[in-house]
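Chemist: Whatever this is, show me its structure:
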Amino acid sequence: MARVLVIDDEPDVRAVIRRFLVAAGHDVSEVGDGAAALGILAEHATDVIVSDLYMPGMDGIELARALRKLPSRPAVVAMSGGGLGRQVNLLDIAAELGAAATLPKPFTKEQLLGAVQAALGKGRAP
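Modeler: All right, here's what the predicted structure looks like:
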């Protein structure tokens, strides 16, 4: 079991991800943007972050940059339904910033659980 923080501005997306992760035995918290995530991380140990990249306020890329400054960082699974096919692929940028795994939306339960497991296997981001 891992402590997982899910970050997505869409409550329905967060709910589905939470359901998949809880069913797999994980302890799950959720927030709607990167700034709220930093608040949670300051108070609670977290093993893995599953974060959308396109969000209002502090997006997933800004969060990834902020995480690099923290002494103890959870592994990150970056997810996005946008950016693919555009000139800038935010999933590639997230990987360059240390994401342990990336998921293009939509994804399956199995793909999500595999990405979280891969992130747990890779440990903390560099």
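Chemist: tell me the centre residue of the protein?
Modeler: residue 50 (2.1 Å; CA atoms, centre = their mean).
Chemist: Distance check, residue 118 against residue 81.
Modeler: 20 Å (CB to CB, to the nearest Å). Heads up, the C-betas are built off the backbone N, CA and C, glycines and all.
Chemist: And residue 48, by the same measure?
Modeler: With CB to CB as the criterion, residue 48 and residue 81 are 20 Å apart.
Chemist: Which of those two has more residues huddled nearby?
Modeler: Taking residue 48 and residue 81 together and counting by other CB atoms under 10 Å, residue 48 has the greater number of neighbours (26 against 15).
Chemist: ok, what's across the strand from the residue nearest to the centre of the chain?
Modeler: residue 6, residue 77 (DSSP bridges).
Chemist: pretty sure it contacts residue 116?
Modeler: Yes: here residue 50 reaches residue 116: they are 6.8 Å apart, a contact under CB atoms under 8 Å.
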